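Asker: mind folding the following:
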Amino acid sequence: MHSIENQIVDSSFSVIINAPIEHIDIPTWCFGLPEKEYQGCSPAHIAAGSTTAPDGRRMSINVETIGGSLMVQHYIETLGDKDHLILDSDSDVFTPTGRTTIHVTWELSVKKLDETRCEFTNRVRSYATAEMLAFLDRQGIPFDIFRTQRQPMSIAHNKGETPLFAASIERAALRSISSTKAA
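Answerer: Here you go, the predicted model:
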């Protein structure tokens, strides 16, 4: 497992979704997210799609730029409840000095506030892989310095995308209500 010593960031932001929790299905939203909708959730989002991992689990592929580095994330579903999704990725990071990997755990959850609202939380934790530590070491970059420089960019990215992800999930929930009423 990933150790706290290798943790780069643990960032969490929450916003209100104005939809009943019964109509929210985070995994369905995530694995069915149209690319244009993903791009609309951050100016740093480039592309998204879904596929399956070699073991058959659902996988979300996200391409984005954080802090000037292109990232290709291979998020594999490790928990897929309607109100709680956890995805893990050994992501490729393309930097000006070469390619390496970073481990990212992306956790999305909602909790009921009342009959018509819930609180959405978008939590992102990232960890240096052994490959990344060696990559930094070859360049003479101390991990603590890298972490200090990377944190503000990762946190700002999460803070910016959280309300836009929440709005997208809310739209999906409201469409679900409309289709239920129409049926």
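Asker: can you show me the strands along the chain?
Answerer: For the chain, the strands defined by DSSP state E cover 7-17, 45-52, 58-66, 69-81, 84-95, 98-112, 118-128.
Asker: average model confidence for the last one?
Answerer: If I follow you right, that is strand 118-128. Average pLDDT, strand 118-128: 98.
Asker: report the buried residues of that strand.
Answerer: Neighbour-count burial for strand 118-128, counted by 16 or more other Cβ atoms under 10 Å, picks out C118, F120, T121, N122, R123, V124, R125, S126, Y127, A128. C-beta coordinates here come from the backbone N, C-alpha and C atoms, glycine included.
Asker: just checking the distance from that strand to the centre of its chain.
Answerer: Remark: strand 118-128 is offset 7 Å from the chain centroid, using Cα atoms, centre = their mean, to the nearest Å.
Asker: on that earlier part again, okay, the strands of the chain in a markdown table with distance to D137 next?
Answerer: Shown next, in a markdown table, are the strands of the chain (distance: least, Cβ to Cβ, whole Å):
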| stretch | distance to D137 |
| --- | --- |
| strand 7-17 | 15 |
| strand 45-52 | 29 |
| strand 58-66 | 22 |
| strand 69-81 | 18 |
| strand 84-95 | 14 |
| strand 98-112 | 11 |
| strand 118-128 | 11 |
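Asker: check those for me and report the most buried one.
Answerer: When the strands of the chain are scored by mean count of other Cβ atoms under 10 Å, the highest mean neighbour count falls to strand 118-128 (a mean of 21).
Asker: put the alpha carbons of it into CSV.
Answerer: Taking Å, rounded to 0.1, in the frame of the first residue of the first chain, the C-alpha atoms of strand 118-128 are listed here in CSV:
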residue,chain,number,x,y,z
CYS,A,118,-26.9,16.0,-0.5
GLU,A,119,-23.3,16.9,0.0
PHE,A,120,-20.9,15.9,-2.7
THR,A,121,-17.2,15.3,-1.7
ASN,A,122,-14.4,15.0,-4.2
ARG,A,123,-11.2,13.7,-2.6
VAL,A,124,-7.9,13.1,-4.4
ARG,A,125,-4.9,11.5,-2.8
SER,A,126,-1.7,11.1,-4.7
TYR,A,127,1.5,9.2,-3.9
ALA,A,128,4.9,9.0,-5.4
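Asker: that's all I had, so thanks and see you.
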